[in-house]
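1. The sequence and its predicted three-dimensional model are supplied below.
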Amino acid sequence: MASQPCLSDLRRAKFARRLPAALSELAGPQHGPVSLPPHLAWSGLTTFDLDRPRLRMSYYRIVLAEGQHDDLVQYLDRDLLVGLWPVLRTLIGRDVREAWEGAFAELADSVRAAV
């Protein structure tokens, strides 16, 4: 009898399907206020000032957890993501973290460099 994939494997695969082919595809904003559409920010705050560290971190958490491929490319910035990753990775779900770090060694490397 073949074993069934565990729920975590299924969630990780779901997040992996959304990923860009390369971090360089992430061309989102770096500064100022950004409003997220309702399918991403469906509860609470919908506009985030990326110049405020706490709001920037919340914005990234939401987009990573809720975003589809096109959302990730539109709303995330490669340099900000890499810079935030050592802390951000502790604030997101394991499945999201493992999908991103499994696809992009640069993110895992940024954690080692921060230690």
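-> That came in fine, so what should we check first? Keep in mind it's a predicted model, so treat the numbers as computed, not measured.
2. Would you mind stating the distance between the closest residue to Lys14 other than its chain neighbours and Glu101?
-> Spatial nearest neighbour of Lys14, excluding adjacent residues (CB to CB, 6 or more residues apart in numbering): Asp95 at 7.9 Å. Every residue, glycine included, has its C-beta placed from N, CA and C. To Glu101, Asp95 is 11 Å away according to CB to CB, to the nearest Å.
3. Between those two, which contacts overlap?
-> Common contact partners of Asp95 and Glu101 (CB atoms under 8 Å, 6 or more residues apart in numbering): none.
4. how many other residues sit next to the residue nearest to Lys14?
-> Number of residues near Asp95 (other CB atoms under 10 Å) recorded here: 19.
5. what pLDDT, on average, does the strand or helix carrying it get?
-> If you go by DSSP states H and E, Asp95 is part of helix 94-103. Averaging pLDDT along helix 94-103 gives 92.
6. and the helix or strand following that helix, what does it pack onto?
-> Heading C-terminal from helix 94-103, the first helix or strand you meet, by DSSP H and E, is helix 105-114. Where contact means 3 or more CB pairs under 8 Å, 6 or more residues apart in numbering; DSSP states H and E, helix 105-114 is packed against helix 78-88, helix 94-103.
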